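> here is a sequence with its predicted model. Questions after.
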Amino acid sequence: MFRAQEPHDNMRLVLFQPDIPQNTGAMMRLAACLGVGLDLIEPCGFVLDDRRLRRAGMDYLGQVECVRHISWGAFEAARGRRRLVVLTTRGRCSFTDFAFQPDDLLLVGRESAGVPEAVHDAASAEVVVPLCPPARSLNVALAAALVLGEALRQTGGLPPLSPL
């Protein structure tokens, strides 16, 4: 379904134990379309060949550079010294005010529960998407798209325009 590769030193989108296949498929498609690698921290709340995942990701799933980690500990061992930026409703810094770096790892949590304290504790930074009250949160795939787009814009990492 997707190819597993070793991560490069460019920006990556990290999914922490996702539990909705449609959101995971959408974020995999986002990563493929923007040329960003994706790390998937298991366990997932669904089987990775779920038809809903394939439907949301369409034919882009084969284009995403995806590295699967069997646990949070395995991801931590693999990430080295790279900066971990967590997207969270607990963040105190707007993603538009944060200075991203080209090799940041942008992590989104589970749709149902966010991330545990161990992930918050390991974060180099926590950013938030400001919302109008009384809204509490965005769909995780939408939040990932907003923040990843801004991070790539800041760092010059957006893909070039394709000729029509």
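Done, it's in.

> would you confirm that residue 18 contacts residue 24?
Yes. With contacts counted by Cβ atoms under 8 Å, residue 18 reaches residue 24, the gap being 4.4 Å. Yep, even glycine has a C-beta here, placed from its N, CA and C like the rest.

> for the protein, name the helix or strand with the lowest mean pLDDT.
In the chain, the helix or strand scored least confidently by mean pLDDT, DSSP states H and E is strand 3-4, which has a mean of 44.

> what sits up against the next helix or strand after it?
Sequence-wise, the next helix or strand downstream of strand 3-4 (DSSP states H and E) is strand 12-16. The set of residues external to strand 12-16 that reach it, using Cβ atoms under 8 Å, 6 or more residues apart in numbering, is 24, 27, 30-31, 36-41, 72, 75, 84, 104-110, 115, 119, 144, 148.

> so residue 106: helix, strand or coil?
Judged by DSSP: H, G, I helix; E, B strand; the rest coil, the three-state class of residue 106 is strand.
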